[in-house]
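> Task: produce atomic coordinates for the following.
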Amino acid sequence: MTGRVPSPPSLLHQFDSKGIVSTANDLRSARMKTTAAVTLDRIKQIAIPVNSVEEAKLFYRDTLGLRHLFDAPPVLSFFD
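Predicted structure coming up:
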């Protein structure tokens with residue numbers, strides 16, 4: 001007995017090489033109801049991983065014309 005509480009089997013799968021992997025956010029197995037009434041009012045925040053924050057800043061500011069708000073060094077830059 002290890003003293004660990006077992007997780008719900010519907011959200012966890014056992015893999016031999018990787019141990020236990022969560023599938024709670026796996027969209028391939030999600031069964032979501034969709035309706036035409038779903039709308040998007042406002043996006044509050046989006047995170048996009050990049051290799052170069054400096055190059056991404058130039059693209060979002062100069063090419064797309066987004067207003068640069070601030071940086072949170074070393075790896076975050078915020079735009080509006």
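
> How much space separates Arg42 from Ile48?
Taking C-beta to C-beta, to the nearest Å as the measure, Arg42 falls 18 Å from Ile48. For every residue, glycine as well, the C-beta is placed using N, CA and C.

> is the residue lying closest to Leu69 once chain neighbours are set aside in a bridge, and if so with what?
Once flanking residues are discounted, Leu69 sits nearest to Phe78: 4.3 Å by C-beta to C-beta, 6 or more residues apart in numbering. Beta-bridge pairing of Phe78 under DSSP bridges involves Phe70.

> Surely Phe78 is in contact with Arg67?
No: counting by C-beta atoms under 8 Å, no contact exists between Phe78 and Arg67, whose distance comes to 9.8 Å.

> So between those two, which is more surrounded?
Neighbours per residue (other C-beta atoms under 10 Å) separate Phe78 from Arg67, with Phe78 holding more: 13 against 9.

> so what's that one up against?
Shown in contact with Phe78 (C-beta atoms under 8 Å, 6 or more residues apart in numbering): 68-72.

> so which of these comes closest to Val53?
Comparing the contacts of Phe78 against Val53 with C-beta to C-beta places Asp71 closest, at 7.9 Å.

> For that closest one, the count of nearby residues, please.
Asp71 has 13 neighbouring residues, counting by other C-beta under 10 Å.

> Spatially nearest residue to it, not counting backbone neighbours?
Leaving aside its sequence neighbours, Asp71 sits nearest to Ser77 (C-beta to C-beta, 6+ apart; 5.0 Å).

> pLDDT value on that neighbour, please?
Among the per-residue scores, Ser77 holds a pLDDT of 93.

> contacting residues around it?
53, 56-57, 60, 68, 70-71.

> quick one: low-confidence parts of this structure?
For the chain, applying pLDDT under 70 flags the ranges 1-35.

> What segments of it are strands?
Here the chain has its strands, by DSSP state E, at 12-15, 19-22, 68-72, 76-79.

> Relative to Ala37, how far out is the closest residue in space to Pro74 that isn't next to it in sequence?
The shortest distance from Pro74 to any non-neighbouring residue, by C-beta to C-beta, 6+ apart, is to Val53 (7.6 Å). For Val53, the distance to Ala37 (C-beta to C-beta) stands at 38 Å.
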